[in-house]
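Student: Give the three-dimensional model of this entry:
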Amino acid sequence: MNFQLKQIVKIAMQNVFLPVIYRIGTVRKVDQKLMIFADFHKDEVPYSMEDLYEWALDSDFHVVRMTKDCDSSGYISGLVYMVKFMLMYARAGYVFICDNFLPVASCKKREETVVVQMWHAGGMLKKYAYDTPRDIPKFYKGNVFRNYSLIITSDKNCNSAYISGMRADPRIVQGLGLSRTDRFYSEDYKQKCVRQFYDRYPEAKEKKIALFAPTFRGNASVPEIIDTSFLKDLEKSLGDEWILVTKMHPHLQKHIGKDACPIPTEQLLPVADVLISDYSSVIYDYLLLERPIVYYVPDLQYYIENDQFYIDYYEMPGTIVESQEDLATAIQEAQQNFDLQRLRVFKQKYMGACDGHALERLVDYLGLMQNNGNYSK
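Tutor: Numbering: from 1, shown residues only. So this is what the prediction gives:
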């Protein structure tokens, strides 16, 4: 199904079908103890909501996981999933999401229901949503980000990108920090990631790890496939001292096939000595580890000329490489060119609220303790 046809189907679902299902669900009262974690891109609870989900399981909330990879499960299966969600959404006290989620925005929600957008990306870099037609075309009818009670950002300095991209009320956009980043302040977590990596790749011991983690280009549902044929030559150029680990963005991986590394990206970050990325928000998570970053961006001038960024790309801390021929040298020299002070200034500006206490702050902000939640971690 092409991009335009997909958008037409989404418009019909949002404006006609799903609102009818929601109204049927409103025959029952709202249950303030019912807490839903929803996502239709993954079968498991996404990493961005995982910490809060685990906290909720230890509370006395009635926690329901409604996660499904609708892109891979087929149209009928996805439709059944959305019907079930709408019926439960109509009586939920809390709904947590971390990505675009059309069912939440399909009709005016009941006032008692609190919808929290725990957006999966930190910082602010590449324009998205209503700020670029590659995400939401001008002909789209319906508000994609309707009904949010709270949108969480990694720092208040990033709020403007969410207000603009989601056309959000500034009052609901809060720089509370991303709860998933709390783990990067745990030595136990980081050591567990290292052990897991070397258990799978014992040949990597005593070598330097370069992690190549690019994002996708174009629209998420129909991404442009990037050329990765240069990676073999890059490995040779780096030499035996290095191990190159490739981790593609999930939107790309679905089109490329089997991943070279099955370990989740967030568990690879503590292992990497150097991160190689481009316009991916994974860069912001990696800032918390205070290690060198190389930006491989052969199409940087196109992005600049077409006004694709919220910030000046040259503000990014690390080494910017636009030529494939310069990439290996940039990786090898990343440590000696590393400017820790510059990185810390940038990190504080855009990830300042990701201080290891974001989950606790979120629970407090929502008043979940007063509703008999139990913060014990």
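Student: buried sites along stretch 177-196?
Tutor: 177-184, 190, 193 (16 or more other Cβ atoms under 10 Å). Using the backbone N, CA and C atoms, a C-beta is placed for each residue, glycine as well.
Student: Walking through the stretch 51-200 of the chain, point out its helices one by one.
Tutor: 70-73, 75-89, 159-165, 187-200 (DSSP state H, counting those that start in this stretch).
Student: average pLDDT for the last one?
Tutor: Summarised as a single mean, pLDDT over helix 187-200 is 97.
Student: Find the residue at the geometric middle of this protein.
Tutor: In the chain, the centroid-proximal residue (Cα atoms, centre = their mean) is His120; its distance is 2.4 Å.
Student: Touching, it and Ser48? I think so.
Tutor: Yes. With contacts counted by Cβ atoms under 8 Å, His120 reaches Ser48, the gap being 4.4 Å.
Student: Common neighbours of those two, please.
Tutor: By Cβ atoms under 8 Å, 6 or more residues apart in numbering, His120 and Ser48 have these common neighbours: 98-99.
Student: Can you tell me, leaving aside adjacent residues, what's nearest to Arg91?
Tutor: Arg28 (4.7 Å; Cβ to Cβ, 6 or more residues apart in numbering).
Student: do the same with Asp355
Tutor: In space, Asp355 is closest to Gly177, 6.3 Å off (Cβ to Cβ, 6+ apart).
Student: ok, now Phe230?
Tutor: Gln324 (5.4 Å).
Student: ok, so what distance separates that neighbour from Pro298?
Tutor: Per Cβ to Cβ, to the nearest Å, Gln324 is found 7 Å from Pro298.
Student: before we move on, the earlier item: pick out the most distant pair among the buried residues of stretch 177-196.
Tutor: Across the buried residues of stretch 177-196, no pair lies farther apart than Gly177 and Cys193, at 20.6 Å, counting by Cβ to Cβ.
Student: quick revisit: could you count how many residues lie near the residue nearest to Phe230?
Tutor: Gln324 has 14 neighbouring residues, counting by other Cβ atoms under 10 Å.
Student: Tell me who's in contact with Gly123.
Tutor: By Cβ under 8 Å, 6+ apart, the residues touching Gly123 are 154, 158, 281, 283-284, 287, 350-351.
Student: So for these, which is the shakiest by pLDDT?
Tutor: Ser281 (94).
Student: isn't that one right up against Asp99?
Tutor: No. Under the criterion of Cβ under 8 Å, Ser281 is not in contact with Asp99, lying 12.0 Å apart.
Student: any shared contact partners between these two?
Tutor: With Cβ under 8 Å, 6+ apart as the test, Ser281 and Asp99 both reach His120.
Student: So Ile243: helix, strand or coil?
Tutor: Put simply, Ile243 is strand when judged by DSSP: H, G, I helix; E, B strand; the rest coil.
Student: got it, and Phe17?
Tutor: helix.
Student: and the gap between it and Val27?
Tutor: Distance of Phe17 to Val27, computed by Cβ to Cβ: 18 Å.
Student: of the two, who's got more company?
Tutor: Shown here are Phe17 and Val27; by other Cβ under 10 Å, Phe17 has more neighbours (15 against 9).
Student: residue contacts, the more buried one?
Tutor: With Cβ under 8 Å, 6+ apart, Phe17 has no contacts at all.
Student: pLDDT score for it?
Tutor: 85.
Student: Please apply the same query to Glu224.
Tutor: So Glu224 comes in at 60 (pLDDT).
Student: Kindly report the same for Asp135.
Tutor: pLDDT for Asp135: 84.
Student: What is the burial count for it?
Tutor: 18.
Student: ok, now how distant is it from Met166?
Tutor: Applying Cβ to Cβ to Asp135 and Met166 gives a distance of 11 Å.
Student: what is in contact with those two at once?
Tutor: Counting by Cβ under 8 Å, 6+ apart, the common neighbours of Asp135 and Met166 are Ala129.
Student: Just the element for Glu360, please.
Tutor: For Glu360, the host element (DSSP states H and E) is helix 358-366.
Student: just to revisit the earlier point, now render the helices of the stretch 51-200 of the chain as CSV, adding distance to Leu234.
Tutor: Shown next, in CSV, are the helices of the stretch 51-200 of the chain (distance: least, Cβ to Cβ, whole Å):
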stretch, distance to Leu234
helix 70-73, 30
helix 75-89, 38
helix 159-165, 32
helix 187-200, 20
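Student: Out of those, which one sits most buried?
Tutor: Between these, helix 159-165 has the highest mean count of neighbours, a mean of 19, where neighbours are mean count of other Cβ atoms under 10 Å.
Student: Now do that one: which elements does it pack against?
Tutor: strand 173-174 (3 or more Cβ pairs under 8 Å, 6 or more residues apart in numbering; DSSP states H and E).
Student: Point out the other helices and strands that the strand it packs on packs with.
Tutor: By 3+ Cβ pairs under 8 Å, 6+ apart, strand 173-174 packs against strand 150-152, helix 159-165.
Student: rerun at 10 Å
Tutor: strand 150-152, helix 159-165, helix 358-366 (3 or more Cβ pairs under 10 Å, 6 or more residues apart in numbering; DSSP states H and E).
Student: Spit out the contact partners of Ile11.
Tutor: Residues in contact with Ile11 (Cβ atoms under 10 Å, 6 or more residues apart in numbering) are 102, 139-142.
Student: That one - that's part of a helix, no?
Tutor: Yes. Under three-state DSSP, Ile11 falls within a helix.
Student: Next one: it from Leu268, what distance?
Tutor: 38 Å.
Student: same check, this time on Gln14
Tutor: From Gln14 to Leu268 the distance is 36 Å (Cβ to Cβ).
Student: for the chain, longest strand please?
Tutor: strand 31-39 (DSSP state E).
Student: quick one: it to helix 75-89, angle?
Tutor: 160 degrees (axes from the mean of the first three to the mean of the last three Cα atoms, to 10 degrees).
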